[in-house]
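In: just the structure for this:
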Amino acid sequence: MANGIQIHSDGGKDLVLATGRAHPELAAEVAQFLDIGLLPVEARDFANSETYVRFGESVRGTDLFILQSHTSPVNQWLMEQLIMIDAAKRASAKRITAVVPFMAYARQDKKSRGREPISARLVCDLLCRAGADRIMSIDLHTPQIQGFFDGPVDHLFAQPVLIDYVRTRMPAGNITVVSPDAGRIRVAEQWALELGGGPLAFVHKTRDVTRANVSHANRVVGDVDGRDCVLVDDLIDTAGTITEAIKVVLEAGAKSVIVAATHGVLSPPAAERLASSGACEVVVTNTLPLSEDQKFPGLTQLSIAEHLARAIKAVFEDQSVTAVFDGQMI
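Out: Numbers count the residues shown, from 1 in each chain. Coordinates of the predicted model:
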């Protein structure tokens with residue numbers, strides 16, 4: 001890897017980008033857009049699975065961005081990022097930003113039943129306690145997670161990247177944006193506005209809170225008959241919810257269905273379900289890496305690297321991140 005980064009602001013700060021081992025390909029792309037090298041990092045696991053991290057160059061006085069997406073195995077990569085943040089704090093980095101394209105435990109943002117944790121809050125507390133001054137993430141499961149962190153949170157949206165692509169795949173004037181459940185209607189409204197103000201629909205869904213990844217799509221509410229439909233969501237895990245939604249939308253008379261989601265978690269058996277779902281295409285971003293086992297015909301992965309690089313540059317230069325993205329962030 002190229003050594004350190006030498007971007008200097010008027011104040012003489014150094015911008016430094018480091019990455020853990022979860023998704024180094026994304027970090028390399030971001031570094032390329034920033035025209036910098038990645039900070040050399042020595043990271044390894046001991047025989048008992050403990051993680052060791054050491055930075056290969058001084059980070060004293062730097063504006064350090066530590067990029068780690070919490071892919072599987074989630075707990076390993078979350079812990080590695082926490083250790084990297086702690087190492088940076090003890091090495092006297094001036095400001096530490098945890099860049100978390102996909103944040104672990106974001107779906108556990110509230111208590112649905114008694115005696116449950118709020119694990120999303122715990123993750124934010126851990127990042128803060130480790131020494132992160134700021135968090136940057138993309139399409140958090142709910143915006144309220146920003147309030148769990150005691151410091152600035154840059155909540156970016158992948159929507160512009162996804163919409164630009166979907167526009168090339170579907171004819172204008174016949175698009176209905178469909179939310180896979182009532183809770184994502186606000187996001188679907190934003191999509192519909194950007195795609196020309198077409199009609200909205202949502203899938204009425206019931207979920208069993210006692211069982212993970214289990215839901216049932218009942219019916220479509222809205223006009224989808226004869227229309228090209230875009231099913232939008234923040235993430236696809238086992239694909240149970242989204243494939244049920246595809247089924248009921250097609251049964252309601254939809255002409256075609258494209259699925260667009262920010263995070264392709266794609267836990268088994270997602271690939272098999274989506275490949276036979278009837279959707280013409282499934283579009284995700286590269287906030288998470290995809291193995292060969294997770295890929296299938298009809299899957300498209302778009303790069304979010306330039307999006308992240310613009311946000312990192314804005315934070316480093318003390319500019320308004322919201323202004324950089326024309327207000328398309330919270």
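In: pLDDT weak spots in the stretch 151-300 of the chain?
Out: Segments of the stretch 151-300 of the chain classed as low confidence (criterion: pLDDT under 70) are 205-217.
In: which helix runs longest in the protein?
Out: Among the elements of the chain assigned as helix by DSSP state H, the one spanning the most residues is helix 74-90.
In: determine the set of other helices and strands touching that one.
Out: Packed against helix 74-90, as judged by 3 or more CB pairs under 8 Å, 6 or more residues apart in numbering; DSSP states H and E, are the following elements: strand 41-45, strand 51-55, strand 63-67, strand 95-100, helix 119-130. Using the backbone N, CA and C atoms, a C-beta is placed for each residue, glycine as well.
In: all strands of the chain, in order?
Out: Counting by DSSP state E, the chain has strands at residues 15-19, 41-45, 51-55, 63-67, 95-100, 134-138, 153-156, 175-179, 200-207, 215-222, 228-236, 256-264, 281-285, 299-302.
In: flag every buried residue along the last one.
Out: Okay, so that is strand 299-302. When neighbours are counted by 16 or more other CB atoms under 10 Å, the buried residues of strand 299-302 are found to be 299, 301-302.
In: now distance to Ala311 too, for the strands of the chain, in JSON lines please.
Out: Below are the strands of the chain laid out as JSON lines (distance: least, CB to CB, whole Å):
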{"stretch": "strand 15-19", "distance to Ala311": "12"}
{"stretch": "strand 41-45", "distance to Ala311": "21"}
{"stretch": "strand 51-55", "distance to Ala311": "23"}
{"stretch": "strand 63-67", "distance to Ala311": "10"}
{"stretch": "strand 95-100", "distance to Ala311": "9"}
{"stretch": "strand 134-138", "distance to Ala311": "6"}
{"stretch": "strand 153-156", "distance to Ala311": "6"}
{"stretch": "strand 175-179", "distance to Ala311": "25"}
{"stretch": "strand 200-207", "distance to Ala311": "29"}
{"stretch": "strand 215-222", "distance to Ala311": "32"}
{"stretch": "strand 228-236", "distance to Ala311": "18"}
{"stretch": "strand 256-264", "distance to Ala311": "15"}
{"stretch": "strand 281-285", "distance to Ala311": "14"}
{"stretch": "strand 299-302", "distance to Ala311": "16"}
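In: quick one on the thing from earlier: would you mind finding the most buried of the helices and strands packed on helix 74-90?
Out: Using mean count of other CB atoms under 10 Å, the stretch among those with the largest mean neighbour count is strand 63-67, at a mean of 28.
In: so what strands line up beside that one?
Out: Strand 63-67 has the following strand partners under DSSP bridges: strand 15-19 (parallel), strand 95-100 (parallel).
In: Ala192 is nearest to which of those?
Out: The closest approach between Ala192 and any of the strands paired with strand 63-67, judged by CB to CB, belongs to strand 95-100 at 28.5 Å.
In: quick one, domains of the chain?
Out: Following automatic domain parsing, one finds the domains of the chain at 15-156+305-323, 159-302.
In: what's the end-to-end length of the longest one?
Out: As for domain 15-156+305-323, its first-to-last residue distance stands at 21 Å under the measure CA to CA, to the nearest Å.
In: next: stretch 295-304.
Out: 18 Å.
In: run through who's touching that stretch.
Out: By CB atoms under 8 Å, 6 or more residues apart in numbering, the surrounding residues in contact with stretch 295-304 are 26, 29, 101, 138, 158, 161-162, 165, 264, 271-272, 274-275, 279-287, 290.
In: next: stretch 181-195.
Out: Contact partners of stretch 181-195, identified using CB under 8 Å, 6+ apart, comprise 159, 163, 166-167, 172, 175, 177-179, 198-200, 202-205, 215, 230, 232-234, 241.
In: isn't Ala28 right up against Leu38?
Out: Yes - with the criterion set as CB atoms under 8 Å, Ala28 and Leu38 qualify as a contacting pair; they are 6.7 Å apart.
In: mutual contacts of these two, please.
Out: Shared between the contact lists of Ala28 and Leu38 (criterion: CB under 8 Å, 6+ apart) are residues Thr19.
In: these two: who's more crowded?
Out: Leu38 (22 against 16; other CB atoms under 10 Å).
In: isn't the more buried one up against Ala18?
Out: Yes - under the criterion of CB under 8 Å, Leu38 lies in contact with Ala18, with a separation of 6.6 Å.
In: intersection of neighbour lists for these two?
Out: Overlap between the neighbourhoods of Leu38 and Ala18 consists of Ala27, taking contacts as CB under 8 Å, 6+ apart.
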